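**Q** Sequence first, then the predicted structure, then my questions.
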Amino acid sequence: MADTQSVVSDVKLFLEKLKKDLPEVFGKPEETATTDGGTAPVAITPANRVLYNGDLYEARMYVTPDQEEGVAFDGNAFHVYLQTPQADPSALVTQWLRDKASETLTAKTQEWAAKIGVEYNHVVFKDQRTLWASCSGKKNINYSYRIIKMPPVVQDYLVIHELCHLVHMNHGPEYWQLVGQFSPDYKNHRRWLNDHKDAVFEDVKLTPPQDQTQVIATSAPIQNTTTNAE
Ligand SMILES: [Zn+2]
């Protein structure tokens, strides 16, 4: 038995179909969509990838002028919200990774220092391109934010590696014995680091939506549009 609700939705469906078939009767559908608050973002570049916690995730980019720019990660993909097609999605994602590195590695350092029974001074983040981490004579632990791209167990190994230097300021047998107590698979983690260092040190490279706009623009005749070519 058809209730009022389903009749209403049938009529709606019929009208939607009519809109598509006869747009001149209802006005241009694109215009009504954009003035409607712009709640449905349009994915521009679905093919980009970001390395995070040892996995590659898709980065989906959206141009949403009426929304604050930023990055959201939902466990499956990165969603990058840009205010203009000229905005730099790589910079936004890099900042997101830096913030995540700061939060995650600071917590891991506290946690492992308590377990190992050592005290450190400060945790410092640097954009080190050739060094994952280091430990200074002043008991400061320095990390490259790029560590956040590694699997969490490898992140833990690097934290343990630096904290164990607070006990042994060398890489002697006693030092490695201590590391092995807290990171039993450290040899595998060192292998992972060696095999993936290029990917970890590489900068985030996402194709800005601007590039796609330019591709479209080059095939079109020169018009009265503003571009940033000069
Ligand atoms: Zn070391």
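**A** Perfect, I can see it now.

**Q** name the helices or strands packed onto the lengthiest strand in the chain?
**A** Longest strand in the chain by number of residues (criterion: DSSP state E): strand 55-63. If contacts are counted by 3 or more C-beta pairs under 8 Å, 6 or more residues apart in numbering; DSSP states H and E, strand 55-63 sits against strand 48-52, strand 77-82, helix 89-116. The C-beta positions use only the backbone N, C-alpha and C, and glycine is treated the same way.

**Q** Run the chain-centre distance for stretch 166-175.
**A** Remark: stretch 166-175 is offset 35 Å from the chain centroid, using C-alpha atoms, centre = their mean, to the nearest Å.

**Q** coming back round to it: same list (the helices and strands packed on strand 55-63) but as JSON lines, adding distance to residue 165, mean neighbour count and mean pLDDT.
**A** What follows is the helices and strands packed on strand 55-63, written out as JSON lines (distance: least, C-beta to C-beta, whole Å; neighbours: other C-beta atoms under 10 Å; pLDDT from 0 to 100):
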{"stretch": "strand 48-52", "distance to residue 165": "27", "mean neighbour count": "19", "mean pLDDT": "92"}
{"stretch": "strand 77-82", "distance to residue 165": "34", "mean neighbour count": "21", "mean pLDDT": "94"}
{"stretch": "helix 89-116", "distance to residue 165": "11", "mean neighbour count": "17", "mean pLDDT": "97"}
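
**Q** out of the ones you listed, nearest to residue 133?
**A** Residue 133 lies closest to helix 89-116 among these, at 8.8 Å (C-beta to C-beta).

**Q** Toward the C-terminus, what is the element adjacent to that closest one?
**A** With elements assigned by DSSP states H and E, the helix or strand that comes after helix 89-116 is strand 123-126.

**Q** what about residue 71, how many neighbours?
**A** Neighbourhood size, residue 71 [other C-beta atoms under 10 Å]: 19.

**Q** circling back: redo the helices and strands packed on strand 55-63 as TSV? Include distance to residue 190.
**A** Compiled in TSV, the helices and strands packed on strand 55-63 are given as follows (distance: least, C-beta to C-beta, whole Å):
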stretch	distance to residue 190
strand 48-52	19
strand 77-82	29
helix 89-116	17
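
**Q** and of these, who's closest to residue 174?
**A** helix 89-116 (13.8 Å).

**Q** And that closest one, what does it pack against?
**A** Secondary-structure packing of helix 89-116 (3+ C-beta pairs under 8 Å, 6+ apart): strand 48-52, strand 55-63, strand 70-73, strand 77-82, strand 123-126, strand 141-144, helix 152-164, helix 173-182.

**Q** if you average pLDDT over the third one, what comes out?
**A** When the per-residue pLDDT values of strand 70-73 are averaged, the result is 96.

**Q** what comes up buried for that strand?
**A** With burial defined by 16 or more other C-beta atoms under 10 Å, the residues of strand 70-73 counted as buried are 71, 73.

**Q** Could I get the helices and strands packed on helix 89-116 in TSV, plus columns for distance to residue 89?
**A** Converted to TSV, the helices and strands packed on helix 89-116 look like this (distance: least, C-beta to C-beta, whole Å):
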stretch	distance to residue 89
strand 48-52	8
strand 55-63	5
strand 70-73	8
strand 77-82	5
strand 123-126	22
strand 141-144	22
helix 152-164	24
helix 173-182	38
